[in-house]
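Visitor: Predicted model follows, preceded by the sequence.
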Amino acid sequence: MKIAQIAPLAESVPPRLYGGTERIVSYLTEELVRQGHDVTLFASGDSVTRAELVPVTEMALRLNPEVRDPIPYHMMLLDAMRRRADEFDALHFHIDLIHMPLVQDFIGRCVTTLHGRLDLPDLPAFYRAFPDHSLVSISDHQRLPMPPVNWARTIHHGLPADLLPARTGASDGYLAFLGRISPEKRPDRAIRIAARAGLPLRVAAKIDAVDRLYWEQEIAPLVERYPNIHYIGEINEAQKAEFLGRASALLFPIDWPEPFGLVMIEAMACATPVVAFRCGSVPEVIDHGVSGFIVESEDEAVAAVRNLHALDRARVRAAFDARFTAERMAADYVQLYHDLPGARTQAAMLRRLRGEGAELQIVG
């Protein structure tokens, strides 16, 4: 198939540091290319891909100090997409909802993966106004706040199987927290759990401007209070394998409806178990007692940390291989592309290019 992937511009594809959506777009794009599809990626100009890259901006918006408002750049993204829309059998959007009013004339070839939380008060009115777009949820739980819409299916994220090597031997005896310093991610819980369990905690996380006050008032004092807490800062992909692979467990003590939680399967790929609070997608990702423990409180989390010896790290990696590879994710999306109501077959496109007929073949 000839497929367009339309990515956000906040980060490059893949991102240099933090950026879950752009990372998934990269994994999906590269796997589709590996499987022989003709893929065009609309993204920032500092993206790296084997697909054809349409560079909408020179660099990722978050890294450009001159950028104040991202909206004009996303309008440029949509214009670039529309100019070439007729080339593609399927167009896959990863930019939430901003494109939906502009693709109505070729909506049958479009699919949108919703990567963020959907329990925000302004969203129901919008999705009630645009109920016909084919939407993908990244967990079943993510769907719960939405009004009736056209859910195509749930497709869980996946990682390249060889991206993060499994480390099935003994760990270095520390707990890991990876992601963002923010109230909903609850690094304060992670710090207290580690302190009570008597283990070191290494915190590798970025601090956005909006969360700077939370860091200064709530988390930094805890880091200073407990000598076993080590704040590392934001790490890149190359550092992630070592950071997660050497940990005894990843702490995922969230307090919000997490749509997926990519870091959980990153830890699983490293054969590192996850201790996660029962929120959002967690029960869909973690197999309790196999790839980690699902807990309801800090007390339960401390008990789970003390029981990590009961988990087999080889089984943690096996759980990843069974459910969360990029190959499985791409196969799910390809099936969905074929099932779109306006999807074109490769044969139909070749006929059009040869001028042998303009009719579309409907698949599914």
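Guide: Thanks, I have it.
Visitor: contacts, neighbours, all on C-alpha from now
Guide: Fine.
Visitor: Other residues contacting stretch 315-328?
Guide: Here stretch 315-328 makes contact (Cα atoms under 8 Å, 6 or more residues apart in numbering) with 27-28, 31, 156-161, 166, 265, 268-273, 287, 290-292.
Visitor: 6 Å - rerun?
Guide: Contacts of stretch 315-328 with the rest of the structure, by Cα atoms under 6 Å, 6 or more residues apart in numbering, involve 158-161, 268-269, 271, 291.
Visitor: from those, which two are the most distant?
Guide: Between any two of the contacts of stretch 315-328, the greatest separation by Cα to Cα is 18.2 Å, found for 160 and 291.
Visitor: Tell me which of those two has more neighbours.
Guide: Neighbour totals were compared for residue 160 and residue 291, and residue 291 leads with 28 against 18 (other Cα atoms under 10 Å).
Visitor: wait, what's in contact with that one?
Guide: Residue 291 sits next to 273, 316 when contact means Cα under 6 Å, 6+ apart.
Visitor: From residue 251, how far off is residue 23?
Guide: 21 Å (Cα to Cα, to the nearest Å).
Visitor: In JSON lines: the contacts of stretch 315-328, plus secondary structure, pLDDT and distance to residue 74.
Guide: Below are the contacts of stretch 315-328 laid out as JSON lines (DSSP: H, G, I helix; E, B strand; the rest coil; pLDDT from 0 to 100; distance: Cα to Cα, whole Å):
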{"residue": "158", "secondary structure": "coil", "pLDDT": "98", "distance to residue 74": "26"}
{"residue": "159", "secondary structure": "strand", "pLDDT": "97", "distance to residue 74": "27"}
{"residue": "160", "secondary structure": "coil", "pLDDT": "97", "distance to residue 74": "28"}
{"residue": "161", "secondary structure": "coil", "pLDDT": "96", "distance to residue 74": "32"}
{"residue": "268", "secondary structure": "helix", "pLDDT": "98", "distance to residue 74": "34"}
{"residue": "269", "secondary structure": "helix", "pLDDT": "97", "distance to residue 74": "33"}
{"residue": "271", "secondary structure": "coil", "pLDDT": "98", "distance to residue 74": "38"}
{"residue": "291", "secondary structure": "coil", "pLDDT": "98", "distance to residue 74": "39"}
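Visitor: can you confirm residue 107 is in a strand?
Guide: No. Counting by DSSP: H, G, I helix; E, B strand; the rest coil, one finds residue 107 to be helix, located in no strand.
Visitor: Number the chain from 59, please
Guide: That works, and once the first residue is 59, the last one we named lands at residue 165.
Visitor: related to what we said a few turns ago, filter the contacts of stretch 373-386 to the buried ones?
Guide: 216-218, 326-327, 329, 349 (16 or more other Cα atoms under 10 Å).
Visitor: Redo the residues you listed as a markdown table? Include distance to residue 360.
Guide: Output for these, formatted as a markdown table (distance: Cα to Cα, whole Å):
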| residue | distance to residue 360 |
| --- | --- |
| 216 | 29 |
| 217 | 29 |
| 218 | 32 |
| 326 | 20 |
| 327 | 23 |
| 329 | 20 |
| 349 | 17 |
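Visitor: Relative to residue 93, which of these is nearest.
Guide: Checking the buried ones among the contacts of stretch 373-386 against residue 93 by Cα to Cα gives residue 218 as the nearest, at 12.9 Å.
Visitor: how about the nearest residue to the closest one, chain neighbours excluded?
Guide: Computed as Cα to Cα, 6 or more residues apart in numbering, the closest residue to residue 218 that is not its neighbour in sequence is residue 384, at 4.9 Å.
Visitor: per-residue pLDDT, the one you found?
Guide: Residue 384 is assigned 98 on the pLDDT scale.
Visitor: What residues of stretch 361-374 count as buried?
Guide: By 16+ other Cα under 10 Å, the buried positions in stretch 361-374 come out as 361-363, 366, 369-374.
Visitor: Likewise for stretch 203-213?
Guide: Residues of stretch 203-213 classed as buried: 207, 209-213 (neighbour count, 16+ other Cα under 10 Å).
Visitor: Residues in contact with it: which ones?
Guide: With contact meaning Cα under 6 Å, 6+ apart, stretch 203-213 is reached by 177, 182, 189-190, 192-197.
Visitor: Out of these, which end up buried?
Guide: Taking 16+ other Cα under 10 Å as the criterion, what is buried in these is 182, 190, 192-197.
Visitor: From the residues you listed, which land in strands?
Guide: Judged by DSSP state E, the subset of those located in strands is 192-195.
Visitor: farthest pair in those residues?
Guide: Farthest pair in these, by Cα to Cα: 192 and 195, 10.2 Å.
Visitor: In terms of packing, which of residue 81 and residue 309 has more residues around it?
Guide: The neighbour count for residue 81 versus residue 309, taken as other Cα under 10 Å, is higher for residue 309 (30 against 22).
Visitor: Count the residues that sit near residue 241.
Guide: Neighbourhood size, residue 241 [other Cα under 10 Å]: 16.
Visitor: For it, which non-adjacent residue is closest in space?
Guide: Nearest residue to residue 241, sequence neighbours excluded (Cα to Cα, 6+ apart): residue 272, at 7.3 Å.
Visitor: per-residue confidence at the one you found?
Guide: For residue 272, the predicted pLDDT is 96.
Visitor: Also residue 422?
Guide: pLDDT recorded at residue 422 is 37.
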